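Peer 1: Structure of the sequence below:
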Amino acid sequence: ALWLGVSPLLAFGLLAAYLVFASWPKQQLTILYDGDCGFCETTRRFFERLDFDRLYDWHPFQDGTGDKWNIPTPALERAAHVGVDGRIYAGFRAFQALTLYSPLTYFVLAALLLSARAVLPAAQPVIALLAIALYFPVFRPLGEAVYQLIARNRHRLPGEKTCKVA
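Peer 2: Predicted coordinates:
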């Protein structure tokens, strides 16, 4: 079943290619987030539960860890940052790094592709194309715009604490 020229075999091949082309980090990822934000804390706890390899080292930016990376506080207030192998990624790029280096991402994508094939076969290539778009540089401006929209409104999103940054 071809749709937009994407076969199921190609969809799974692209999923495997993520693992081939991603250079795995040599040390833990340092993730700087807003510890005063309920949505951010809930997001941290979600990703922490899925971090079976203990690859993520989470720090609220309020603890001063951003100073070690020379990231100014206003930048930390605007977006999450991920430090990996001496590089810093902010905003949507931080989200990309967080998901790219999580083995669970690949299992979730595989499960989505398999379940889509069983339930709604036409959805499988759409899921594959969305997964590709998540990491494809051409779509980064759109991803960053969505990220910034969420970041600006995070105090309105569900979480266990009320966000102090308004």
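
Peer 1: thought residue 63 was touching residue 33?
Peer 2: No: the pair residue 63 / residue 33 is not scored as a contact, 10.6 Å apart, by CB atoms under 8 Å. For the C-beta atoms, the positions are set from N, CA and C on the backbone; glycine is no exception.

Peer 1: which residues of the protein score low on pLDDT?
Peer 2: Within the chain, the segments meeting pLDDT under 70 span 1-22, 160-166.

Peer 1: Report the central residue of it.
Peer 2: The chain has residue 95 as the residue nearest its centroid, 3.0 Å off, counting by CA atoms, centre = their mean.

Peer 1: Secondary structure element holding residue 148?
Peer 2: helix 140-152 (DSSP states H and E).

Peer 1: Mind listing residues that contact that helix?
Peer 2: With CB atoms under 8 Å, 6 or more residues apart in numbering as the contact definition, helix 140-152 has outside contacts at 78-80, 91-93, 95-96, 134, 157.

Peer 1: Burial check on residue 125, number of neighbours?
Peer 2: 21 (other CB atoms under 10 Å).

Peer 1: That one and residue 158, how far apart?
Peer 2: 32 Å (CB to CB, to the nearest Å).

Peer 1: any idea where the strands of the chain begin and end?
Peer 2: 29-33, 56-60, 81-84, 87-90 (DSSP state E).

Peer 1: wait, which of those strands is closest to residue 130?
Peer 2: Closest of those to residue 130 is strand 87-90, at 20.5 Å (criterion: CB to CB).

Peer 1: which helices and strands does that closest one pack with?
Peer 2: Where contact means 3 or more CB pairs under 8 Å, 6 or more residues apart in numbering; DSSP states H and E, strand 87-90 is packed against strand 81-84.
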